[in-house]
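Asker: sequence isn't available, so here's the structure alone:
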Ligand code: VGL
Ligand code: ZN
């Protein structure tokens, strides 16, 4: 018997601090707002993730003496890249990006990176590779088995979310015109290769809309 498909749109970290003029600005980030707004109207379930750190978070360079953004440190769970201070809980930088229009009655939000000592690129499992955010449990509860992923940044939070989704058994699409990368030393190309090799399928926002309109 064919398995019934239940889809969700996943909007990763489309927050003010990741917009071009934000604290951790991603080049051309604002270009993805319009295709995301268009897609969101056609979905019954929209899952947004938000990077959500305390001011003294371990991933901020400012919290390590003598360190600057881009430096790396060793933590109990492995290597951690240090970032500019971003997405601090309760600040406007952590809010969903200006201009993002989601059907809020159909949205659920997953906050991640809120433990001071643990970062989280993935929307599913934090960097300790143990702590679940609740995203997977929510999807299991709703029988959601296909995810269309868009948002920021392609080579960090989007990639980790997509790879975890594959490993958790979802059918995963990356909406290529609704994501933008930071691209540190070629990380964007590496991320795209990684996702394709893992089985993430590539699709455009237009194709998503045409497939999902019932
Ligand atoms: C992200 C770096 C640090 C992201 C979040 O959303 O891709 N990148 N925190
Ligand atoms: Zn972060």
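Answerer: Right, received. Where do you want to start? Bear in mind that the values here come from a model prediction, so they are computed numbers and not experimental data. Ligands and ions are numbered 1, 2, ... in the order given.
Asker: low-confidence ranges in this protein?
Answerer: Low-confidence segments of the chain (pLDDT under 70): 1, 214.
Asker: show me what from it comes close to ligand 1.
Answerer: Contact residues (C-beta under 6 Å from any ligand atom) of the chain with ligand 1: 13, 18, 51, 83, 152, 153, 156, 157. Every C-beta, even on glycine, is put in place using the N, C-alpha and C of the backbone.
Asker: try it again at 8 Å.
Answerer: Applying the criterion C-beta under 8 Å from any ligand atom, the portion of the chain that neighbours ligand 1 consists of 12-13, 15, 18, 24, 26, 51, 53, 59, 81, 83, 86-87, 113, 119, 121, 151-153, 155-158, 182.
Asker: what are the boundaries of the helices in this structure?
Answerer: Under the criterion DSSP state H, helices of the chain are mapped to 33-40, 135-141, 159-167, 187-198, 205-212.
Asker: the third one: which residues count as buried?
Answerer: What that stands for is helix 159-167. For helix 159-167, burial by neighbour count (16 or more other C-beta atoms under 10 Å) applies to 159, 160, 161, 162, 163, 164, 165.
Asker: out of everything not next to it in sequence, what's closest to residue 112?
Answerer: Take residue 112 and drop its neighbours on the chain: the residue closest to it by C-beta to C-beta, 6 or more residues apart in numbering is residue 120, 4.0 Å away.
Asker: and that neighbour, how many neighbours does it have?
Answerer: The criterion is other C-beta atoms under 10 Å. On that basis, residue 120 has 26 neighbouring residues.
Asker: cool, and residue 36?
Answerer: 25.
Asker: run through who's touching the top strand by length along the chain.
Answerer: Here the longest strand in the chain is taken by residue count, with DSSP state E as the criterion, and it is strand 171-180. Under the criterion C-beta atoms under 8 Å, 6 or more residues apart in numbering, residues 5, 12, 26-29, 31-32, 35-36, 39, 145-154, 158, 162, 165-166, 195, 199-205, 208 lie in contact with strand 171-180.
Asker: out of those residues, which are buried?
Answerer: The neighbour count (16+ other C-beta under 10 Å) marks 12, 26, 29, 32, 35-36, 39, 145, 147-154, 158, 162, 165, 195, 200, 203, 205, 208 as buried among the contacts of strand 171-180.
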